[in-house]
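[1] Okay, sequence plus prediction incoming.
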Amino acid sequence: MSTRNTIEVAIEGGRRATAAPAAPLVWKFGGTSVADHDRLRAVAERMVAAQRSGRGVVAVLSAMGKSTDKLVDQAYAMSSRPPLRELDALLSVGESISCALASIAVAELGSHAVSLTGPQAGIGTDARHGNARLVGIEPHRIHEALADGAIVLVTGFQGIAPDGDVTTLGRGGSDASAVAVAAALDAGECEIFTDVPAVFTADPRVVPDARRLSSIRHEEMLEMAEAGAAVLQPRSVELALAHGVDIHLRSSFSTEEGTWIRREAAGFEGTAEVAGIAHRREESLFAVDGAGAGVVAAALAERAITVGAIVPTTSGVQFTAPGADPVEVTAALDAVDLAAKVDEDLGSVSVVSLGMARKPDIPVRALAALEAGGIPPRLVTTTPGRITVAVSSSRVDDAVRLLHQTFIPAAGSATVSDLHSPADAA
Ligand code: ADP
Ligand code: ASP
Ligand code: MG
């Protein structure tokens with residue numbers, strides 16, 4: 001069976017020729033955007049309207065609201081060290097529910113949708129349960145469903161390992177699923193619908209006068225995401241960069257344009273010395289006695305956790321694991337009979353600026369601003385793309401606002417509106 005649709009087009013002189021149809025729209029809706037039945041209906045209406053206007057629609061959906069967190073809690077209620085394969089079997093369920101419900105909502109509107117799991121959609125990964133890496137997509141079922149005139153709903157976050165087991169792509173991984181599907185379908189772009197109208201120069205929930213970006217380069221967005229800007233999962237931006245996919249990050253609550261993440265950024269942000277300020281509210285500093293850096297890094301890698309900074313101490317090591325849940329870090333160490341002292345009173349704030357190696361003034365200004373604000377740095381790391389300062393968790397928001405004020409020129413008219421509380425989604 002042909003997997004590619006063709007359409008007949010009239011050309012001058014009355015002859016007819018065939019042409020490849022426009023690439024399908026590839027959309028992704030995050031947790032808040034599918035948080036309840038009304039939101040799912042709104043998503044279904046948006047998809048049906050786009051399809052009726054003549055476009056193929058492939059939508060990647062996240063789990064509803066905070067349902068993945070609830071599944072994680074259930075797993076750890078059963079065991080302090082749940083097997084990763086079973087954790088994936090459990091966590092991947094949330095996305096399946098969203099897609100099936102959205103498909104039912106589409107049917108209710110008189111259109112036809114097909115929900116596909118990650119395995120059914122041919123999303124191949126390695127076998128690293130909990131944080132699997134994409135190895136390739138075989139999208140023939142997506143093409144077939146499009147050719148049949150269906151709206152295609154693909155579960156985000158899920159993949160299939162070489163042995164046929166279901167895997168998950170790490171927290172927030174539906175963004176990566178969507179970009180990967182866009183790349184596999186040669187769609188060129190991927191629209192990610194979320195609960196904020198754009199990417200801002202800092203989390204607009206922390207800095208109400210953060211500047212809204214009309215566009216930002218992939219490289220800058222990647223640094224923001226790696227530093228904790230949860231608006232996009234870092235892997236999705238990496239994939240978009242590697243496969244030449246533009247991302248349009250926009251609100252699922254309106255039709256307004258959001259931010260384009262693309263190679264050529266226009267406007268002030270493309271040339272800004274500092275792209276933005278990112279933060280993580282929950283970081284931990286772990287101390288392990290009687291083990292070296294290599295042993296600790298290997299134990300964490302077994303549970304798909306990447307180590308951040310490691311500092312050897314007289315009795316062992318201290319380390320960070322940015323973005324990792326302390327419960328999972330403790331479980332990873334426990335598996336090799338190591339115990340950690342955990343200081344959870346930590347967060348981090350980063351100033352993102354490409355080419356940091358040639359900008360020694362940025363760390364100086366950042367540290368001076370924090371000192372003037374009475375916020376002592378607990379750990380400072382710099383990379384070519386950013387400076388990250390660990391501070392006490394209770395001071396993270398203050399640190400973000402302070403550094404934003406220091407590095408981002410005031411916009412005058414820019415204000416943040418239309419924010420939708422994640423609490424609405426729970
Ligand atoms: P989704 O469930 O749609 O994937 P996420 O919660 O993962 O949504 O990401 C959206 C959130 O990212 C926003 O609610 C916002 O608080 C946060 N965020 C962090 N940094 C930024 C930023 N620089 N610009 C916009 N939003 C940001
Ligand atoms: N549901 C998963 C999570 O909460 C994946 C995603 O939403 O992108 O991390
Ligand atoms: Mg997300």
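    Everything's here; your move. Residues are numbered from 1 along each chain as shown. Ligands and ions are numbered 1, 2, ... in the order given.

[2] Quick one: residues contacting the closest residue to ligand 3 within the stretch 51-200 of the chain.
    Residue of the stretch 51-200 of the chain nearest ligand 3, by C-beta to the ion: G172 (4.2 Å). From N, CA and C alone the C-beta is placed, and that goes for glycine too. G172 sits next to 230, 232-233 when contact means C-beta atoms under 8 Å, 6 or more residues apart in numbering.

[3] now, which of those lie close to ligand 3?
    Among the contacts of G172, not one lies near ligand 3 by C-beta under 5 Å from the ion.

[4] Closest to Q120 out of those residues?
    Q233 (22.0 Å; C-beta to C-beta).

[5] Got the phi and psi for the closest one?
    Here is the backbone geometry of Q233 (degrees, to the nearest 10): phi -70, psi 130.

[6] bridging residues for the residue of the stretch 251-400 of the chain found nearest ligand 1?
    Ligand 1 sits closest to G276 of the stretch 251-400 of the chain, with a gap of 5.7 Å, by C-beta to the nearest ligand atom. For G276, the beta-bridge partners are V352 (DSSP bridges).

[7] Contact partners for it?
    Counting by C-beta under 8 Å, 6+ apart, the residues that G276 touches are 199-202, 210, 213, 220, 224, 229, 352, 408.

[8] Can you read off the pLDDT for the closest residue to L101 other than its chain neighbours?
    For L101, ignoring the flanking residues on the chain, the nearest one in space by C-beta to C-beta, 6 or more residues apart in numbering is L40 at 5.3 Å. Looking at L40, its pLDDT reads 98.

[9] Can you tell me the element the nearest residue to S394 once chain neighbours are set aside falls in?
    Closest residue in space to S394, ignoring its immediate chain neighbours: D345 at 7.5 Å, by C-beta to C-beta, 6+ apart. Assessed by DSSP states H and E, D345 sits inside strand 340-352.

[10] The next helix or strand after that strand packs against which elements?
    Using DSSP H and E, the helix or strand that follows strand 340-352 in sequence is helix 361-372. The elements that helix 361-372 packs onto, with contact taken as 3 or more C-beta pairs under 8 Å, 6 or more residues apart in numbering; DSSP states H and E, are strand 379-383, strand 386-392, helix 396-407.

[11] Identify each buried residue in helix 361-372, please.
    Buried residues in helix 361-372, counted by 16 or more other C-beta atoms under 10 Å: 362, 365-366, 369-370.

[12] Could you export those residues as TSV, including pLDDT?
    Formatted as TSV, the buried residues of helix 361-372 follow (pLDDT from 0 to 100):
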residue	pLDDT
I362	96
R365	97
A366	98
A369	98
L370	98
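
[13] what's around the nearest residue to E257 once chain neighbours are set aside, how many residues?
    For E257, ignoring the flanking residues on the chain, the nearest one in space by C-beta to C-beta, 6+ apart is R250 at 6.6 Å. Residues within reach of R250, counting by other C-beta atoms under 10 Å, total 22.
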